[in-house]
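Undergrad: Sequence plus predicted model, see below.
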Amino acid sequence: MRVLHAISGIDPTNGGPTQALLGLTAAQARAGLHVHVVSTWMLQAGLDNAETFRSARVGMTMVGPATGKLNAHPELRPTLEKLAGDADVVHIHSLWQEAQHAAATAARKAGVPYVMRACGGLHPWSMNQSRWRKRLYLAWRLRRHLNRAAAIHFTTHAERDAAFAVKAPAIVEPNGTELAGRPLPDRAAAERALREKYPALGDRPILLFLGRVHAKKGLDRLMPALADARLDVPPALLIAGPEEDAAVAAEVRRIAAERGMTDRVIFTGPLDRAGTIEALSGAGMLVLTSYTENFGIAVIEALAVGTPVLVSDRVECIGYFGDVNVGPIVPLEHKAIVEALETWVPDDERRRAAGLRGARLAAEKFDWDQIAGRWIGHYEAMVGR
């Protein structure tokens, strides 16, 4: 089976969507599918990352440099029309840019079924960001692509249930991680490496925030709780990811300065893959108090390497956890976050046991090869229809 994937960018700083696409396509190639990705690019980092896909035996076509808010390029449509004509299925990732419009149009023109991965874009929180611009785009282009799709791909049942109604059927399949099911890393060695790399950590417990510094990530909830938690040894917080929202980054630094935490709040900037795995493995706990998170790939990667998680109840991958206790799941209330920090940070044994449970859960639920196998069944059903 020949599967064409389309996305508007694979720059590593795009975070979850890029990482999920790499994991899925690599697993599909291992399963014997003929897999090709078309992506626009704006930054050199996107071109460089294309080699990572090719090394996984995934075909890559990069179109660019793209321009404007829609990441448009004149070669995008003819490129997709040519490749869609040779595909059995087109899998489109995200919603709001030219690549998705061109891919859906090319698939319909070729008579090929297509599936659109929503990437949280149909969630009410997302729809309320740039509200009128999105509603205009929805009426102009997007609604007909959604309604005519063979399926809409959601990563959680919560994401599916929150999305506004479209005519296409839904497929719920999680993102995975290549770390799932592997032997656990040497966590003590990773912790030593982190302390050597960031001497300001000292001997403090290490908390890790991994992701874009953005308003939706809830750092404005985490920082005051971190300041108010009464702990014999206050933890350090590594903030690892691009400072996408300068105002949010400035607010985090302001709170740190006002509450006497400047020496224990460390911005690392974006990490490469090896650095990400080292940070996940060496931290005592991942913290993610997001206002909304349609999946939360950093969470499952933390679990896969045996790191417990403190997450808000709006991080939707928690729907896969069942009754497995992998760390505290808290409402976005100051007292609840403070109490979770005070309970979990000083208790090494509690965190170790939760991390082991998390690693078993990740192997069971989030292994890319298992997910890719199920996608073969979904694609075959689309082609059959």
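TA: Cool, the structure landed. Keep in mind it's a predicted model, so treat the numbers as computed, not measured.

Undergrad: only C-alpha atoms for contact and neighbour calcs from this point on.
TA: OK.

Undergrad: Give me the contacts around stretch 47-58.
TA: Residues from elsewhere that reach stretch 47-58 (C-alpha atoms under 8 Å, 6 or more residues apart in numbering): 10-12, 22, 25-26, 29, 34-37, 41, 59-60, 62.

Undergrad: In this structure residue 142 contacts residue 103, no?
TA: No. Assessed by C-alpha atoms under 8 Å, residue 142 is found out of contact with residue 103, at 11.8 Å.

Undergrad: Just want to know which of those two has more residues nearby.
TA: Between residue 142 and residue 103, counted using other C-alpha atoms under 10 Å, the more crowded position is residue 103 (30 against 19).

Undergrad: helix/strand/coil for the more buried one?
TA: helix (DSSP: H, G, I helix; E, B strand; the rest coil).

Undergrad: From the contacts of stretch 47-58, keep the buried residues only.
TA: 10-12, 22, 25-26, 29, 34-37, 41, 59-60, 62 (16 or more other C-alpha atoms under 10 Å).

Undergrad: Do you have the helices of the stretch 251-385 of the chain handy? List them.
TA: 273-282, 297-304, 334-344, 348-365, 368-384 (DSSP state H, counting those that start in this stretch).

Undergrad: dump the residue contacts of residue 143.
TA: residue 166.

Undergrad: Quick check: pLDDT value at it.
TA: With respect to pLDDT, residue 143 scores 90.

Undergrad: can you confirm it is in a helix?
TA: Yes. Judged by three-state DSSP, residue 143 forms part of a helix.

Undergrad: If you drop the residues flanking it in sequence, what lies closest to residue 330?
TA: Among residues not flanking residue 330 along the chain, residue 312 sits closest, at 4.8 Å (C-alpha to C-alpha, 6 or more residues apart in numbering).

Undergrad: residues in contact with that neighbour?
TA: 288, 289, 290, 291, 329, 330, 331, 332.

Undergrad: same question, residue 354
TA: 306, 307, 308, 325, 326, 327.

Undergrad: Out of these, which comes closest to residue 228?
TA: Distance to residue 228 across the contacts of residue 354 (C-alpha to C-alpha) is lowest for residue 327, with 19.9 Å.

Undergrad: count of residues packed around that closest one?
TA: Look at residue 327: counted by other C-alpha under 10 Å, it has 24 neighbours.

Undergrad: and if you look at the one 4 residues further on?
TA: Close neighbours of residue 331, defined as other C-alpha under 10 Å, add up to 15.

Undergrad: now do residue 67
TA: Look at residue 67: counted by other C-alpha under 10 Å, it has 12 neighbours.

Undergrad: Of the contacts of residue 312, just say which sits nearest to residue 167.
TA: Each of the contacts of residue 312 was scored against residue 167 by C-alpha to C-alpha, and residue 291 proved nearest at 28.0 Å.

Undergrad: Ignoring the adjacent residues along the chain, who's closest to the closest one?
TA: Leaving aside its chain neighbours, residue 291 sits nearest to residue 216 (5.3 Å; criterion: C-alpha to C-alpha, 6+ apart).

Undergrad: a helix runs through that neighbour, doesn't it?
TA: Yes. The assignment for residue 216 by three-state DSSP puts it in a helix.
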